[in-house]
Structure formats: structure tokens, C-alpha cells
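Peer 1: sequence plus predicted model, see below.
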Amino acid sequence: MKNKLEENNFIEVERVTKNYQDPYSGVYFQALNGVDLRIKQGTLSSIVGPSGAGKSTLLNILGGMIKPSTGKVTIDGLPIQSLTQADLNNYRRHICGFLWQESERNLMSGLSVEQNILYAMRISGYPREKRKMRIETLLKSFGIWERRHHKVNQISGGEAARASLSVALANEPKLLLADEPTGELDSETTLEIIDYLKKINQEEGITIVVVTHDKRFENSTDRSYNILDGTLAGMRKTINADENRDWRTVKREEVVVVNSLGQIQIPQLLRDRFNIKNFAKLIIDEENNRMYLESADEE
């Protein structure tokens with residue numbers, strides 16, 4: 001039986017690894033190394049970290065694009081790692097929307113903006129009687145209703161980004177995954193896309209997970225998870241969300257990660273600051289019911 005904390009988790013990732021084999025050398029390398037992750041329903045989260053850390057691999061596993069080598073992934077109660085291909089297709093059509101960095105991966109150039117959304121709806125089996133209203137709602141919300149009959153090569157990059165977002169949201173998914181959605185956009189359009197995602201998260205309650213290198217995007221999310229060398233190395237969360245959601249002044253708190261084995265990931269910055277190299281000890285403050293960590297390395 002799940003505890004109360006787990007009941008609110010929309011995404012649960014447990015000890016997930018992903019190994020790849022180099023097709024030329026035959027050597028295996030590990031993209032993910034025992035990732036544990038819990039994400040609440042209706043939250044806006046980001047996954048950050050250096051290139052090659054495993055961010056996109058994790059996102060593709062959440063999207064059912066690839067399967068983990070080991071571990072468990074549960075999303076909306078579904079065991080993603082053990083679903084059949086038919087069930088995965090159903091998951092991607094009805095529960096999960098995906099927003100790629102390149103607009104051409106979201107849009108078909110030969111179709112108009114409206115036709116692209118309609119095509120996504122047909123594939124997912126979205127109710128025919130709701131399609132017209134949903135398309136109008138999306139395009140008006142994102143400010144491109146007047147461009148609905150234009151083909152992809154007739155609209156700007158910013159408009160293509162908003163059209164891509166409309167396609168990803170066409171079937172009213174419970175989960176939206178976005179892989180560097182603003183990586184190729186100018187600063188003004190980037191801020192617009194961030195605002196759009198915040199808006200749909202708040203108004204429609206969609207759980208959103210974004211891979212990003214953009215500090216503005218990270219600071220606009222409820223929580224950001226730092227992936228380093230294929231493992232979850234830390235988490236930052238917004239602590240004044242009710243007072244201020246401006247990315248420039250929002251307050252963030254960094255916390256360490258305790259995985260399912262009870263192992264603690266201490267950020268390098270803190271290890272250097274407090275001279276923690278190989279060993280640390282726990283100090284128990286019984287009077288205040290608190291626990292502290294300090295270096296136990298010999299000088």
C-alpha cells in the first residue's frame with residue numbers, strides 16, 4: 001500500500017539505469033546510473049545539467065520513446081518500462097504530449113498550422129465534436145489564431161514554436177514533456193514560451209517536465225532536478241512562489257538528494273566549502289530533534 005506522500009506522485013522513477021553500446025567499438029557506456037525521481041501531479045518541473053549528463057535520455061524514458069535497462073518508471077499509475085508497444089502508443093496518444101526543440105519535429109511543413117493540430121487529434125482519437133473548439137482555444141491562447149491557415153514555411157520561428165506547443169497539447173494530455181523547447185529561440189520568444197507553459201500549467205493542471213539549460217526557464221519552475229553523470233545530484237525548489245514568480249527575483253532553495261538506498265548526494269560546491277572529501281559524520285541534536293552533517297576526513 002502506498003503512503004500518503006506517494007499517492008500524490010504522478011511520476012515515480014526508481015533506480016533507473018540506461019546502457020548503450022557503441023556500434024563501432026562494441027563498448028557499453030551508461031547514460032543513467034540509478035536515478036530516483038518523484039514528481040507531483042500538476043507541477044512544473046525542470047531537469048538541468050551539463051551536456052551528456054543524461055537529461056534527454058531520462059526525458060525519452062518518461063515519454064516511452066526508449067525503455068530503461070533496469071529500474072521502474074510509473075506514470076499516472078502505468079508501469080512504463082513493461083508496457084507493450086501498443087500500450088506505449090496509447091500512452092503517447094492520450095496521456096503524454098512531447099515538445100521537441102526543433103519545430104520541424106513537431107510540425108509537418110506541407111500542412112497548415114490548423115491542419116497540423118487536426119492531424120495530431122485524429123491520430124490520438126480526440127473526440128470529433130471537440131476538435132474545432134480545442135483548436136480555436138489553443139491558437140487564440142497562444143496568439144496565432146490569425147495564422148491558422150498558413151503553412152509552416154509561411155510563419156516565423158516564434159509562431160512555429162507556439163504552433164508546436166499547440167500540437168503537443170492537442171489531445172489535452174495529462175503530462176507534457178519538453179526537450180530544450182527554447183534552445184533555438186530569441187530572448188523575447190523564449191520568455192513568451194515560458195509564460196505560455198506557466199499559464200497552461202496553472203489553468204489546466206498539466207504536469208510539465210522541461211529539459212533546459214536556460215536559467216530563466218529553471219527559475220520559473222516549481223522544482224529543478226540536477227542530473228550529473230547519469231544520476232540525480234541535487235534539487236532546487238522555489239520557496240516564494242505565492243509572492244513572486246518573476247524568474248529574476250524568485251528565491252530558490254537547494255537541497256541534497258537521498259535516494260532509495262539512503263545515499264546522500266552532496267553538491268560539489270558544498271563539499272568544497274565544508275571540506276568534505278571521503279567521509280562525513282551525522283551529528284544528532286536530540287534537544288531540537290535535528291540532524292547535522294559535517295566532515296569526518298582526517299586532516
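Peer 2: Nice, thanks for sending it over.
Peer 1: helix, strand, or coil at Trp36?
Peer 2: Residue 36: Asp, not Trp. strand (DSSP: H, G, I helix; E, B strand; the rest coil).
Peer 1: in contact with it, which residues?
Peer 2: When the contact criterion is CB atoms under 8 Å, 6 or more residues apart in numbering, the partners of Asp36 are 13-16, 232, 257, 259-260. For every residue, glycine as well, the C-beta is placed using N, CA and C.
Peer 1: would CSV of the residues you listed with neighbour count be doable?
Peer 2: What follows is the contacts of Asp36, written out as CSV (neighbours: other CB atoms under 10 Å):
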residue, neighbour count
Val13, 25
Glu14, 18
Arg15, 16
Val16, 26
Leu232, 24
Val257, 19
Asn259, 16
Ser260, 11
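Peer 1: take those and keep only those in strands.
Peer 2: 13-16, 232, 257 (DSSP state E).
Peer 1: show me which of these is closest to Ile194.
Peer 2: Nearest to Ile194, judged by CB to CB, of these is Leu232 at 23.5 Å.
Peer 1: separation between that closest one and Thr137?
Peer 2: Here the criterion is CB to CB, to the nearest Å. By it, Leu232 lies 36 Å from Thr137.
Peer 1: same question, Leu185
Peer 2: Going from Leu185 to Thr137 by CB to CB gives 23 Å.
Peer 1: the two: which has the busier surroundings?
Peer 2: When Leu185 and Thr137 are compared for neighbours, Leu185 comes out ahead with 20 against 14, by other CB atoms under 10 Å.
Peer 1: name the SS class of the nearest residue to the more buried one once chain neighbours are set aside, please.
Peer 2: In this structure, Leu185 finds its nearest non-sequential neighbour in Ala161, 5.8 Å apart by CB to CB, 6 or more residues apart in numbering. In three-state terms, and counting by three-state DSSP, Ala161 is helix.
Peer 1: now do Asn226
Peer 2: Classified using three-state DSSP, Asn226 is strand.
Peer 1: excluding its backbone neighbours, what's nearest it?
Peer 2: Asn226's closest residue in space is Gly234 (CB to CB, 6+ apart), at 4.3 Å.
Peer 1: that neighbour: which element?
Peer 2: strand 231-238 (DSSP states H and E).
Peer 1: next SSE downstream of that strand?
Peer 2: strand 252-255.
Peer 1: quick one: list the elements packing against that following strand.
Peer 2: On a contact count with 3 or more CB pairs under 8 Å, 6 or more residues apart in numbering; DSSP states H and E, strand 252-255 meets strand 231-238.
Peer 1: off-centre distance for the strand it packs on?
Peer 2: On the basis of CA atoms, centre = their mean, to the nearest Å, strand 231-238 sits 13 Å off its chain's mean C-alpha point.
Peer 1: my guess is Asn226 contacts Ser45, does it?
Peer 2: No - in terms of CB atoms under 8 Å, Asn226 does not count as a neighbour of Ser45; the distance is 11.8 Å.
Peer 1: follow-up on the earlier one: tell me the one of the contacts of Asp36 nearest Ile208?
Peer 2: Val13 (16.2 Å).
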